[in-house]
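Q: would you be able to build a 3D model of this:
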Amino acid sequence: MSDSRVIPAAHSASSSSHPPQSLVNALSRALSRREAKSARRRLTVLPQETVDFSSNDFLSLGTSPAYRNRFMTHLNNAPDSFPFASGGSRLLDGNSAYAEELERFVADFHQAPTALLFNSGFDANVGVLSSIPQPGDVILYDELIHASAHEGMRLSRAGKRVMFPHSSAAGLRDALEAQINEDPSVRNGTKNVFIVVESIYSMDGDVAPIKDFIQVVDDLLPHQNGYFMVDEAHSTGVFGPRGSGVVQELGVQDRMFIRVHTFGKALASHGAMVLCGQETKDYLINYARSLIYTTALGFPFLASIRTAYELLANGETESVGTIQFMQSGHNFAFTNQEKQLQLRVQELIRHLHTRLHSLRTDQSVLFEVDHFPTSPIFSLRTSKPRQLAAFCQQNGFIVRAIMPPTIPEGKERVRVCLHSGNTEAEIEGLVQTIQSWLDQCEMRSANL
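A: This is a model prediction of the structure:
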């Protein structure tokens, strides 16, 4: 009697020569593909003796004695029984009177109705954009917004997500007009439109034309169903009165539905605040999953945020010490020295801008300085960003090559960030190093 059993395919002779692909092999191949495109990311540790022209510590508070001393005072003054760990999410055991007072302090500083603390700018953007837009609403977003905003939009219930050209008021107008013509609900105000931008963009360092955007929305949405969401991550501490950001510098804070201020850059801390109205805050507490389902920041992190904002509010700097601070509730009064660190950054920005534009370049070497006035972020466009960054690092100056997928193909550059703690001598050393690299490139090109 013949055996009629079916042999499983996995055990057949024809398939035995092709064993199942392991997950580790798949991961390795993906990494190899990224390596081949010079796009593989790696963790690095900065040598102690190098000069920082890379980090986002724009005010140099990370190494400031004034910041450190005040921070340690907050920690040391906490009662012995005061828990340093939060113990849970804000909605369970992680809330505290200290956290709520900090939110009020920051909201008053930024002239906002209220504020809600998140663990990071990423969490804030994901929480806001994944929950606030309602089903069928429209999101119009700048093409260069941060990955966190894209992740929030991906989780959003919005009916449409439409990109417009970077910092282009005309592009926003075209995108909004298209939605109005296509959907009567947008035109009559029954659907909401969210305009998502950053005040300063992290890679290009340019400032968004927020007032022009407001004019577009006023012109096209008379039913006031347009809402601005502005990420102020890279302007916090650097722009505006006392470092309050671009929106307050422009005086348009009342037109912003949501502002996100993060603390891990110029404020040398961790976390972020969403500035909004009370109803919006309550809604986020109920629906923002990146807030609800994560352990809240512990007291040391809250104290570091408080420290940074007290330094901004007091007008204190490393060079001038403590400046007079008068307080009635949260109504601040300041001396004319309040912007010492900001002024120092601006002095260095002007100096580096002048020096970079005095570099000697040859047509054979592709090199261009891209810089928005007053911004601490400079882009050095070159076809060989990795080589330029490596040369600077070898000479003791930390700058970073920015490559795809962080930025679009064809937009590669070396990113240079200035800090109030940098010196003119360090800037001169960096510029001379770049000039040396350009000269070597020109010589190699001439010898070909």
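Q: confidence score at the nearest residue to residue 142 once chain neighbours are set aside?
A: Spatial nearest neighbour of residue 142, excluding adjacent residues (Cβ to Cβ, 6 or more residues apart in numbering): residue 197 at 4.8 Å. Just so you know, the C-beta spots here come from the backbone N, C-alpha and C atoms, and that holds for glycine as well. Listed pLDDT for residue 197 reads 98.
Q: ramachandran coordinates for residue 197?
A: phi -140, psi 170 (degrees, to the nearest 10).
Q: my read: it touches residue 145, true?
A: Yes - contact status for residue 197 versus residue 145: in contact at 6.8 Å, counting by Cβ atoms under 8 Å.
Q: what sits in contact with each of these two?
A: Taking Cβ atoms under 8 Å, 6 or more residues apart in numbering as the criterion, residue 197 and residue 145 both touch residue 231.
Q: shaky segments in this structure?
A: 1-20, 315-339, 448 (pLDDT under 70).
Q: which helix or strand contains residue 360?
A: Using DSSP states H and E, residue 360 maps to neither a helix nor a strand.
Q: neighbours around the closest residue to it other than its chain neighbours, how many?
A: Distance criterion Cβ to Cβ, 6+ apart; nearest residue to residue 360, sequence neighbours excluded, is residue 435 at 6.6 Å. Applying other Cβ atoms under 10 Å, we find 16 residues neighbouring residue 435.
Q: list the residues that contact the residue nearest to residue 142.
A: 141-142, 145, 167, 208, 210, 213, 228-231.
Q: that one and residue 260: what is the separation?
A: Distance, residue 197 to residue 260, by Cβ to Cβ, to the nearest Å: 11 Å.
Q: shared neighbours, these two?
A: Joint contacts of residue 197 and residue 260 (Cβ under 8 Å, 6+ apart) are 229-231.
Q: can you map out the strands along the stretch 251-400 of the chain?
A: For the stretch 251-400 of the chain, strands defined by DSSP state E, counting those that start in this stretch occupy the ranges 256-262, 272-276, 326-328, 331-333, 367-371, 377-382, 397-398, 400-402.
Q: which residues are in contact with the shortest one?
A: If I follow you right, that is strand 397-398. For strand 397-398, contacts defined as Cβ under 8 Å, 6+ apart pick out 46, 50-54, 392, 426, 429-430, 433.
Q: that strand pairs with which strands, parallel or anti?
A: strand 51-52 (parallel) (DSSP bridges).
Q: in the helix or strand just after the partner strand, what's buried?
A: Downstream of strand 51-52, the first helix or strand assigned by DSSP H and E is helix 65-76. Using 16 or more other Cβ atoms under 10 Å as the test for burial, helix 65-76 gives 66-67, 70-71, 74.
Q: check stretch 178-190 too.
A: For stretch 178-190, by 16+ other Cβ under 10 Å, it's 179-180, 183, 185-187.
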